[in-house]
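J.: just coords:
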C-alpha cells in the first residue's frame with residue numbers, strides 16, 4: 001500500500017515538473033515594449049534609455065547565454 005502511494009506521488013511530481021518545463025519552453029521572450037511597464041515599476045529612478053540598455057544586456061545571446069543574469 002505504501003509503495004503504491006509513493007509511486008503515485010512520484011508520478012504526480014514528475015508530471016508537474018515535465019509540464020512546467022514544456023510550458024516554459026513554449027513561452028516566447030518578451031519584447032522591450034512589453035517589459036517596459038514592469039521595468040519602470042521595479043526601477044522608477046531609471047530612464048527609458050537606461051532601461052533599454054539593461055534589457056539588451058540581460059537578453060543578449062552571443063552563442064552562449066549571458067552568465068550575468070538579470071538584475
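T.: That came through fine. None of these values were measured; they are calculated from a predicted model. Residues are numbered from 1 along each chain as shown.
J.: give me the below-cutoff pLDDT ranges for the protein.
T.: For the chain, applying pLDDT under 70 flags the ranges 28-29, 61-71.
J.: how about the strands in it?
T.: Assigned by DSSP state E, the strands in the chain fall at 61-62, 64-65.
J.: any idea how far the closest residue to residue 55 other than its chain neighbours lies from residue 52?
T.: Leaving aside its chain neighbours, residue 55 sits nearest to residue 32 (4.9 Å; criterion: CB to CB, 6 or more residues apart in numbering). (Each C-beta comes from the backbone N, C-alpha and C, glycine too.) With the distance defined as CB to CB, to the nearest Å, residue 32 ends up 6 Å from residue 52.
J.: chain center to stretch 9-18, what's the gap?
T.: Remark: stretch 9-18 is offset 21 Å from the chain centroid, using CA atoms, centre = their mean, to the nearest Å.
J.: what's in contact with it?
T.: By CB atoms under 8 Å, 6 or more residues apart in numbering, the list of residues contacting stretch 9-18 from outside is empty.
J.: quick one: residues contacting the residue nearest to residue 55.
T.: Neighbouring residues of residue 32 by CB under 8 Å, 6+ apart: 52, 55, 56.
J.: now the last one, nearest residue through space, not along the chain?
T.: In this case it means residue 56. The shortest distance from residue 56 to any non-neighbouring residue, by CB to CB, 6+ apart, is to residue 32 (7.9 Å).
J.: how about residue 47, phi and psi?
T.: The phi and psi values for residue 47, taken as degrees, to the nearest 10, are phi -80, psi 170.
J.: how much space between residue 46 and residue 58?
T.: From residue 46 to residue 58 the distance is 13 Å (CB to CB).
J.: just the buried ones out of the contacts of residue 32, please.
T.: 52, 55 (16 or more other CB atoms under 10 Å).
J.: out of the contacts of residue 32, who's nearest residue 25?
T.: Closest approach between the contacts of residue 32 and residue 25, by CB to CB: residue 55, at 21.5 Å.
J.: my read: the closest one touches residue 35, true?
T.: Yes: applying CB atoms under 8 Å as the test, residue 55 and residue 35 come out as touching, 6.2 Å apart.
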